[in-house]
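**Q** Dropping a prediction and its sequence here:
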Amino acid sequence: MPPHGVPPALSEADFRSFYDRLREQGPPGPGDRPGALRHLTPERVVAAAAGVREGRTVSLAAPVQTESAPDNAQPASHRITAPGPGEADAPGLHFARDRFAMNVHGDVDSHLDALCHVMFDGELYGGVPANTVTPDGAGALTLDLVKDGIVGRGVLLDVPRLRGVPWLEPGDQVTAADLVAAETAQHVRAGPGDLLFVRVGHRLRRRSLGAWDTARARAGLHPAAVELLAERRVAVLGSDGNNDAAPSAVAEVPFPVHVLAVNALGMHLLDYLDLDPLASECERLGRRHFLCVVAPLRLPAATGSPVNPIAVL
């Protein structure tokens, strides 16, 4: 058992009751930003920009992995397609060119989940029929909703630092009480429109001990913690893990945090980030909030995108 212990499991009935309660918040009215992004107003973007002090930028993404590993059965493919044989040394103009392909929703590369990514009981967020997603593309709630990017105040809560350990062990789960305790200890509070980043130390453990089968065991949030995010009106949730723990706290639902956040609340998720460099900078500066810029690819009918969020301190 992980050192901190595992919070109580939820029955499927309890989970569904929780899901229905969060879903009752309902989709926004016509003309509003979709889902939880409605909490991220222009005024809050301006206030976040005013918090920049040093002009220091930090990537929150991990390098794309092109090697097979226990957590990367379908590694990204990247190759140089040009110059061809002899072109590099030939006179005149030539270009280097690349080709890249990725399983966007894998278990190792940093990515953003669009609101059409999570289907539950035949529906997407807001009751949109799940069959609007076809092999030809998604018909609603696609990545195009964030084509102009997501910019706002980022907040980092470092749970391993709170517990005095380098990382949380696979299977450990972060509760709402952990998040509140981290806020108190790290002198920050997540609020309306914030982009909340929860560090569990996944990347540091992977670098230190090597890759493992994260589909079977990983640290993440306990599903009940999502209620705190709803109460605080958080706009986006991100983590250096999958956001969901494994094994799941709900035996019948493998990814309960994804269901509650994306499908019930309409909250975009950022999975498998690398928050270690940001944690170091936040520690150096003595503050855990920053301007954050998230710019996914322009893939209009997609369910997600590789992403390189940037913190501006």
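**A** Okay, I see it.
**Q** Note down every partner strand of the lengthiest strand in the chain and its orientation.
**A** For the chain, the longest strand by residue count, based on DSSP state E, is strand 150-158. Each strand paired with strand 150-158, and its direction, by DSSP bridges: strand 195-199 (parallel), strand 289-294 (antiparallel).
**Q** what's the pLDDT at Gly29?
**A** If you check Gly29, the pLDDT there is 50.
**Q** what does Ala88 give?
**A** Ala88 carries a pLDDT value of 87.
**Q** what sits against it?
**A** His94 (C-beta atoms under 8 Å, 6 or more residues apart in numbering). Every C-beta, even on glycine, is put in place using the N, C-alpha and C of the backbone.
**Q** what's the spacing between it and Asp98?
**A** 15 Å (C-beta to C-beta, to the nearest Å).
**Q** Return the most buried member of the strands paired with strand 150-158.
**A** strand 195-199 (a mean of 27; mean count of other C-beta atoms under 10 Å).
**Q** that older thread, which is the next helix or strand following the longest strand of the chain?
**A** helix 159-163 (DSSP states H and E).
**Q** Tell me the strands beside the next helix or strand after that next one, with direction?
**A** Using DSSP H and E, the helix or strand that follows helix 159-163 in sequence is strand 173-174. Sheet pairing for strand 173-174, assigned by DSSP bridges, gives strand 220-221 (parallel).
**Q** From Pro7, how far out is Thr81?
**A** Remark: distance between Thr81 and Pro7 (C-beta to C-beta) = 49 Å.
**Q** do the same with Phe290
**A** The value you get for Phe290 to Pro7, if C-beta to C-beta is used, is 29 Å.
**Q** from memory Ser77 sits against Phe100, does it?
**A** Yes. Counting by C-beta atoms under 8 Å, Ser77 does reach Phe100; the two are 6.9 Å apart.
**Q** List the buried residues in stretch 304-313.
**A** 304-307, 309-313 (16 or more other C-beta atoms under 10 Å).
**Q** Contacts for it next, please.
**A** Contacts of stretch 304-313 (C-beta under 8 Å, 6+ apart): 52-61, 64, 102, 104-105, 109-114, 117, 143, 154, 238, 270, 273, 278, 281-282, 285, 290-297, 299.
**Q** Looking at these, which are in helices?
**A** Using DSSP state H, the subset of the contacts of stretch 304-313 located in helices is 278, 281-282, 285.
**Q** out of those residues, which are buried?
**A** 278, 281-282.
**Q** Just put these in JSON lines and tack on distance to Asp244 and pLDDT.
**A** Formatted as JSON lines, those follow (distance: C-beta to C-beta, whole Å; pLDDT from 0 to 100):
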{"residue": "Leu278", "distance to Asp244": "21", "pLDDT": "98"}
{"residue": "Glu281", "distance to Asp244": "27", "pLDDT": "97"}
{"residue": "Cys282", "distance to Asp244": "24", "pLDDT": "97"}
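**Q** Could you export the residues you listed to JSON lines, including columns for distance to Leu196?
**A** Output for those, formatted as JSON lines (distance: C-beta to C-beta, whole Å):
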{"residue": "Leu278", "distance to Leu196": "13"}
{"residue": "Glu281", "distance to Leu196": "17"}
{"residue": "Cys282", "distance to Leu196": "14"}
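**Q** quick revisit: which of the strands paired with strand 150-158 sits closest to Arg161?
**A** strand 195-199 (7.8 Å; C-beta to C-beta).
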